[in-house]
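In: Got a sequence here, can you build the structure:
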Amino acid sequence: MTGHLPVMLQEVLATLRPRTGAIYLDATFGGGGYAAAILAAADCTLWAIDRDPDAIARGAALAARHPGRLHLLHARFGDMLESLAAQGVTQLDGVVMDLGVSSFQLDQAERGFSFRADGPLDMRMGREGPSAADLVNRLPEAELATIIAEFGEERHGRRVAKAILRARAEAPITTTARLAEIVRRAVPRDPSGIDGATRSFQALRIAVNDELGEIERGLAAAMALLAPGGRLVVVSFHSLEDRIVKRAMAEAAGRQGGASRHDPASLLQRAVPGFALVTPKALRPGAAETADNPRARSARLRALERLARNDIPATQVNA
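Out: Coordinates of the predicted model:
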């Protein structure tokens, strides 16, 4: 598993609390860092999902070291309900999700996720469906601008889209290096030192893989699978991901905000929440970790626990 540093590993383990005999899911297997640590922490059963066939192939060695304990599934984590049900698994004691792109994907130039090295403009995690090259060469200007502005939080989305259309009229854009140069010329230099292509590359990757929709589906499925006392632990890496996680967990824990006298519907009796927040505020990586692994700097960890019925306050049960 060289080349992969699992982010906030100690915080993930402390929050998940693996125990002997329990059943867990690593919904984003990637480099297998979380999976290896969970298997080492307790004599438990672990299911692991990844949409990237390369990740599943890499996991074979880890599965061989833990026969009968690690089970790998090639699937999207948004489809975990169906994928696990097909294996006879309908309830879990914990789920961990590490969102975004993996270090392996970023470091392999041929996958086309990064502008650090030239490669084909691909970005497909599952190696199927339209690629990033398909998007930049086929989408109309307005749609490209919206993707770059919303998914990349790029203030100059329209300028980038115009530059892409001008460039593709001369020749198709098929490599990461060419796209990065087009984008850099279209945006002002960022005073923070962030590469000008960063936000646009993030936006295209999210669009190619429907990452935000996948997160929403995955969170809902994970909550549905949790047994009483089971925990969902999620590590996100940018504000779009974290916003979805924060909102979904707050709603599941009944934290929708106070009632308003201007909104009669908000005064109606609310359903008793089935979950409690384990992390009222997101956890952040420590200084030592961010020094060793700069990719950890933007990480946020949030967690949720399914309540047993006798954990719900009596005032709520009898309301």
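In: So which residues of the stretch 1-150 of the chain form strands?
Out: 23-26, 45-50, 70-74, 92-98 (DSSP state E, counting those that start in this stretch).
In: Between those strands, which one is closest to Phe275.
Out: Closest to Phe275 of these is strand 92-98 (C-beta to C-beta; 12.6 Å). C-betas here are computed from N, CA, C, even on glycine.
In: what's in contact with that closest one?
Out: For strand 92-98, contacts defined as C-beta atoms under 8 Å, 6 or more residues apart in numbering pick out 6-7, 12, 16-19, 22-28, 30, 34, 38, 44, 47, 77, 84, 218-219, 222, 225-227, 229-235.
In: Return that strand as CSV; C-alpha atoms alone will do.
Out: C-alpha atoms of strand 92-98 as CSV (Å, rounded to 0.1, in the frame of the first residue of the first chain):
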residue,chain,number,x,y,z
LEU,A,92,-23.6,-2.8,9.9
ASP,A,93,-21.9,-1.8,13.1
GLY,A,94,-20.0,1.0,11.4
VAL,A,95,-19.2,2.7,8.1
VAL,A,96,-16.2,4.8,7.2
MET,A,97,-16.2,7.0,4.1
ASP,A,98,-13.1,8.9,2.8
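In: Parallel or antiparallel, which strands does it pair with?
Out: According to DSSP bridges, strand 92-98 forms sheet pairs with strand 23-26 (parallel), strand 226-236 (parallel).
In: residues in contact with the residue nearest the centre of the chain?
Out: For the chain, the residue nearest the mean C-alpha position is Leu99 (1.8 Å; C-alpha atoms, centre = their mean). Residues near Leu99 by C-beta under 8 Å, 6+ apart: 28, 211, 215, 234-237, 241, 245.
In: would CSV of these with distance to Gly94 be doable?
Out: Below are these laid out as CSV (distance: C-beta to C-beta, whole Å):
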residue, distance to Gly94
Thr28, 14
Glu211, 23
Ile215, 18
Val234, 12
Val235, 14
Ser236, 18
Phe237, 21
Glu241, 20
Val245, 16
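In: mind putting those in a markdown table, distance to Ala60, neighbour count and pLDDT included?
Out: As requested, the contacts of Leu99 are exported to a markdown table (distance: C-beta to C-beta, whole Å; neighbours: other C-beta atoms under 10 Å; pLDDT from 0 to 100):
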| residue | distance to Ala60 | neighbour count | pLDDT |
| --- | --- | --- | --- |
| Thr28 | 17 | 24 | 94 |
| Glu211 | 26 | 21 | 91 |
| Ile215 | 27 | 23 | 96 |
| Val234 | 26 | 31 | 98 |
| Val235 | 24 | 29 | 96 |
| Ser236 | 28 | 23 | 95 |
| Phe237 | 27 | 19 | 91 |
| Glu241 | 29 | 21 | 94 |
| Val245 | 30 | 24 | 97 |
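In: for the nearest residue to Arg69 once chain neighbours are set aside, what are its contacts?
Out: Spatial nearest neighbour of Arg69, chain neighbours left out: Thr45 (5.6 Å); criterion: C-beta to C-beta, 6 or more residues apart in numbering. Counting by C-beta under 8 Å, 6+ apart, Thr45 makes contact with 22-24, 69, 71.
In: Out of those residues, who's the most crowded?
Out: Tyr24 (27 neighbours; other C-beta atoms under 10 Å).
In: Done for today, thanks.
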